[in-house]
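Peer 1: no letters, just coordinates:
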């Protein structure tokens, strides 16, 4: 599921379908996708539930 969500985020960014992505997950598997989205000029907000986030995702 992580790969599918990351793929959809990147495809939508390439299509310029959004300005801000809101990721509701603290899973470090999303770090490369988040970094790439930011490189492409997209704003990414990460929402998570207390204590369920990896430090790499907080950046």
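Peer 2: Looks like it came in fine. Keep in mind that what you see is a predicted model, and the values were worked out from it rather than measured.

Peer 1: give the burial count for residue 34, as a bare number.
Peer 2: Neighbours of residue 34 under the rule other C-beta atoms under 10 Å: 22. Any C-beta I mention is one placed from the backbone N, CA and C, and that applies to glycine too.

Peer 1: state the mean pLDDT of the helix or strand where it lies.
Peer 2: Element membership for residue 34 (DSSP states H and E) is helix 31-39. Averaged across helix 31-39, pLDDT comes to 94.

Peer 1: give me the sheet partners of the helix or strand following it and which way each runs.
Peer 2: Moving toward the C-terminus from helix 31-39, the first helix or strand encountered (DSSP H and E) is strand 43-47. When pairing is defined by DSSP bridges, strand 43-47 lines up against strand 20-24 (parallel).

Peer 1: one step back: pull the distance from the helix holding residue 34 to the chain's centre.
Peer 2: Helix 31-39 has its C-alpha centroid displaced from the chain centroid by 7 Å (C-alpha atoms, centre = their mean, to the nearest Å).

Peer 1: go through that helix and flag the buried ones.
Peer 2: Of the residues in helix 31-39, those buried by neighbour count under the rule 16 or more other C-beta atoms under 10 Å are 33, 34, 37.

Peer 1: helices or strands up against it?
Peer 2: Contacts defined by 3 or more C-beta pairs under 8 Å, 6 or more residues apart in numbering; DSSP states H and E place helix 31-39 against helix 2-14, strand 43-47, helix 55-58.

Peer 1: repeat that with 7 Å
Peer 2: With contacts defined as 3 or more C-beta pairs under 7 Å, 6 or more residues apart in numbering; DSSP states H and E, helix 31-39 has these neighbours: helix 2-14, strand 43-47.

Peer 1: in CSV, list those along with distance to residue 25.
Peer 2: Listed next are those as CSV, based on distance: least, C-beta to C-beta, whole Å:
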stretch, distance to residue 25
helix 2-14, 8
strand 43-47, 7
